[in-house]
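**Student:** would you be able to build a 3D model of this:
(one chain, ligands or ions: 1)
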Amino acid sequence: MGQKNKEGVMLRVGLLGAGRIGKVHAKAIAGDPDSQLVAISDALPENAEQLAAECGIEARSSQAILEDASVDAVLIATSTNTHCDLIEAACAAGKAVLCEKPVDLDLARARICLERVTKTGQPVMIGFNRRFDANFQALKKALEAGDIGKAEMLSVTSFDPAPPPISYIKVSGGIFRDMMIHDFDMAHFIMGDLPVQVIAAGSSLVDPQIGEAGDLDTAIVTLIYADGRLAVIRNSRRAAYGYDQRLELLGSDGLLQAENILENSLVTATRAGVVSAKPTWFFLERYMAAYQTEWAAFVAALKSGAPMPVTLADGVAALTLAEAAARSVASGQPVSLIEI
Ligand SMILES: NC(=O)c1ccc[n+]([C@@H]2O[C@H](COP(=O)([O-])OP(=O)(O)OC[C@H]3O[C@@H](n4cnc5c(N)ncnc54)[C@H](O)[C@@H]3O)[C@@H](O)[C@H]2O)c1
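**Tutor:** All right, here's what the predicted structure looks like:
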């Protein structure tokens, strides 16, 4: 670990991947008092150089970062198809890792990664940032405090404001592995375990090009738990009013609801009706605080030696549910998790 801050020792961090989400993480690390970003790499050197210059640090190759004994941890924010190789290389180099979701698009590869990494004993966290959203954390805390008794039925609403470019859709791995993966993890986080059965249905209603590319843009998945609890996840690649991210949990003694964050809190009531602002536009606006809390939780776990708050096994679990949902849509049948 590097130079001392007020309370102890600074975590020295390398960022691999200087794209869209890499920039968000660079900002989160810059705001953290217990860690220091020391180098950035990217397969496109100009990406790394630009972000490194903005951060006032060095651009280096990923290999140079991994070989640097003074680097304690790496944040992997590269394209999905590089995650498993980089997680394994970082663990072999003795680094702690926070890697973006999903672990991989291929479940078998992700399982091999989990097996290899477990042998190294290195701490690895997967970036399911929504677990660190203050609203969702409050819901989880209220459930654990017994405020609504026993959880019975969870609804996860997760609509993007608009679809990504078709070029992205073609390499995304499909709606379940790319988008709903967050919601599978959210259901796991709230319900505390995995379902035994998955039933999925999906369509392409938003953009015919998404359907032509073999993907879905509108999907509903039902999760059935061993004790009869149910969860339903609804995804759409389009919501005309903005990023719609809500949870509703019915329990034996009541209901918990985590609502959207709005652009502002103004409510205008007139004879025509009552109008409030739209939800914030997309994930950067909605979840910036969650990315910061996520990073702080990673650093805190490393400092205290506590288990990672979201493990590589959690990442593989979410991918298992995505695989089950894809198979259910393809077959038109419920899929038991035991088959996956
Ligand atoms: N948690 C979230 O909310 C969230 C949001 C967006 C993206 N993501 C995930 O983050 C990852 C990156 O997504 P993005 O939107 O930032 O993509 P992006 O294409 O904007 O950035 C990826 C960057 O990684 C670089 N790169 C690719 N291979 C590399 C390698 N081997 N070594 C070093 N750099 C490499 C690319 O050149 C690019 O600059 C994806 O896995 C995505 O699923 C997560």
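**Student:** pretty sure Leu216 is touching Gly174, no?
**Tutor:** Yes - using C-beta atoms under 8 Å, Leu216 is in contact with Gly174, at 7.2 Å. Glycine gets a C-beta too; all of them are placed from N, C-alpha and C.
**Student:** more neighbours: which of those two?
**Tutor:** Higher neighbour count among Leu216 and Gly174: Leu216, with 25 against 20, using other C-beta atoms under 10 Å.
**Student:** what residues does the stretch 51-200 of the chain have near the ligand?
**Tutor:** Residues of the stretch 51-200 of the chain lying close to the ligand by C-beta under 6 Å from any ligand atom are Ser62, Ala77, Thr78, Ser79, Thr80, Thr82, Glu100, Lys101, Gly127, Asn129.
**Student:** could you check how many residues crowd around the third one?
**Tutor:** The number of residues packed around Thr78, counting by other C-beta under 10 Å, is 23.
**Student:** again, but for the last one
**Tutor:** Neighbouring residues of Asn129 were enumerated by other C-beta under 10 Å; the total is 27.
**Student:** change the start of the numbering to 813 and stick with it
**Tutor:** Let's use 813 as the start, then, which means that last one is Asn941.
**Student:** who's in contact with it?
**Tutor:** Tyr1099, Ala1102, Tyr1103, Glu1106 (C-beta atoms under 8 Å, 6 or more residues apart in numbering).
**Student:** model confidence for whichever residue of the stretch 1013-1152 of the chain sits closest to the ligand, exactly?
**Tutor:** Scanning the stretch 1013-1152 of the chain for proximity to the ligand using C-beta to the nearest ligand atom identifies Phe1095 as nearest, at 5.1 Å. Note on Phe1095: pLDDT of 91.
**Student:** list phi and psi for it.
**Tutor:** Main-chain torsions, Phe1095, degrees, to the nearest 10: phi -70, psi -30.
**Student:** and for it, the neighbour number?
**Tutor:** Neighbours of Phe1095 (other C-beta under 10 Å): 20.
**Student:** same deal with Ser1088?
**Tutor:** Using other C-beta under 10 Å, Ser1088 has 14 other residues around it.
**Student:** is it true that it touches Leu1078?
**Tutor:** Yes - if you go by C-beta under 8 Å, Ser1088 and Leu1078 touch, sitting 7.0 Å apart.
**Student:** what's the separation between Ser1016 and Val1086?
**Tutor:** 35 Å (C-beta to C-beta, to the nearest Å).
**Student:** in terms of neighbours, single out the busier of these two.
**Tutor:** Ser1016 (19 against 8).
**Student:** in this structure the more buried one contacts Gly1026, no?
**Tutor:** No - using C-beta under 8 Å, Ser1016 and Gly1026 do not qualify as a contacting pair, with a distance of 9.4 Å.
**Student:** which residues does Ala901 contact?
**Tutor:** By C-beta under 8 Å, 6+ apart, Ala901 lies in contact with Ser874, Leu878.
**Student:** can you verify it is assigned to a helix?
**Tutor:** Yes - Ala901: assigned to a helix according to DSSP: H, G, I helix; E, B strand; the rest coil.
**Student:** pLDDT score assigned to it?
**Tutor:** Model confidence at Ala901, given as pLDDT, is 98.
**Student:** circling back: filter the contacts of Asn941 down to the ones near the ligand?
**Tutor:** Okay, of these, nothing touches the ligand (C-beta under 6 Å from any ligand atom).
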